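**Q** Got a predicted structure here, sequence first:
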Amino acid sequence: DAKTTQPPSMDCAEGRAANLPCNHSTISGNEYVYWYRQIHSQGPQYIIHGLKNNETNEMASLIITEDRKSSTLILPHATLRDTAVYYCIVRITGSARQLTFGSGTQLTVLP
Amino acid sequence: DSGVTQTPKHLITATGQRVTLRCSPRSGDLSVYWYQQSLDQGLQFLIQYYNGEERAKGNILERFSAQQFPDLHSELNLSSLELGDSALYFCASSVVGTLDSEQFFGPGTRLTVL
C-alpha cells in the first residue's frame, strides 16, 4: 500500500470547515484513499473513501486531486465532538486487506 | 455503536501470565482483524482471520496467537506477558467483497501488565 503524509496537528474553530490534507504521491491506479478517525482511545471509525472522483456522505467530503497524488478531507461544520486523530490510508479495496495506520493528524476543534 | 463487541473492556495482570481477549464481529461479517495500539508504536495490525482461516499476519509476536471459531467470534491469546504488552487491543470486522471493505472497529480491550 502507498505511503501517506499528513500534518501532525491542526486546529479548527467550532462551526467552521475543517480541511485535512493528505499526500500520497506513490498511489497506484487500483488504490483507494480511505479516511478513518479515532476519538480518544475509542476504536477507529470509518469516515469515507474514494478512488478518483470527489465523494460526499453524511459525515464528510473527500476531494482527490486529478493526479491522485493528494487529497483533502473536509468536515463542513466542525463540532467539538470532531476532535480526534484523523488517519488517511491508501489501500486496494475489495481485497479485505488490513489497514496500515500512519501517525495521522490530531484535529482539535476549538470553542 | 459499530456492532463489534469486545470483552473484557479492561484487563490488569502480571508479567508472565496468559490472557484471552474476545471479539464478536458484526452480524454477517466473515473477516476479523486484530490490532494493537501502544503509546510508542501507534496502531499496528496483528492478524486477520476469514471464515475460520488465518488470512494475513502482521507484527504478531510468537507469544501471541489467535483463532476464529465456527460462530465467527475470535479470540486473541497473549502468553508470557511482558510490561511492553500493555496496550489497547482492537478487533475489527468487515464484509469481504468488492464494495463494502471498510472495517468496523470494536471499543477495544485495555491490557495493563504490571
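**A** Ah, there it is.
**Q** For the rest of this, base every contact and every neighbour count on C-alpha atoms.
**A** Noted.
**Q** Contacts only, for the nearest residue to residue A:39 once chain neighbours are set aside.
**A** Nearest residue to residue A:39 in three dimensions, chain neighbours excluded: residue A:84, at 4.5 Å (C-alpha to C-alpha, 6 or more residues apart in numbering or on different chains). Neighbouring residues of residue A:84 by C-alpha atoms under 8 Å, 6 or more residues apart in numbering or on different chains: A:37-40, A:106-108.
**Q** So residue A:108: helix, strand or coil?
**A** strand (DSSP: H, G, I helix; E, B strand; the rest coil).
**Q** Let me see the contact set for it.
**A** Residue A:108 touches A:9-12, A:80, A:82-84, counting by C-alpha under 8 Å, 6+ apart.
**Q** now the residue nearest in space to the middle of chain B, which residues is it bridged with?
**A** With the centre of chain B defined as its mean C-alpha position, the nearest residue by C-alpha atoms, centre = their mean is residue B:34, 3.1 Å away. Counting by DSSP bridges, residue B:34 is bridged to residue B:47, residue B:91.
**Q** Can you select the buried ones from the contacts of residue A:108 in PyMOL?
**A** Applied in PyMOL, the following selects the buried portion of the contacts of residue A:108 according to 16 or more other C-alpha atoms under 10 Å in any protein chain shown:
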select buried, chain A and resi 12+82+83+84
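**Q** how about residue A:81, phi and psi?
**A** Main-chain dihedrals, residue A:81, degrees, to the nearest 10: phi -70, psi -10.
**Q** Check what pLDDT it gets.
**A** Listed pLDDT for residue A:81 reads 96.
**Q** Now do the contacts for it.
**A** Going by C-alpha under 8 Å, 6+ apart, the list of residues near residue A:81 reads residue A:109.
**Q** separation between it and chain B?
**A** 15 Å (C-alpha to the nearest C-alpha, to the nearest Å).
**Q** which residues touch the residue nearest to residue B:35 when sequence neighbours are not counted?
**A** Nearest non-adjacent residue to residue B:35, counting by C-alpha to C-alpha, 6+ apart: residue B:45, 4.4 Å away. Contact partners of residue B:45, counting by C-alpha under 8 Å, 6+ apart, are A:98-100, B:33-36, B:57-60.
**Q** same check, this time on residue A:43
**A** Contacts of residue A:43 by C-alpha under 8 Å, 6+ apart are B:90, B:105-108.
**Q** so the residue nearest to residue B:35 is in which element?
**A** Secondary structure from DSSP states H and E places residue B:45 in strand B:42-50.
**Q** can you check residue A:47 too?
**A** strand A:45-50.
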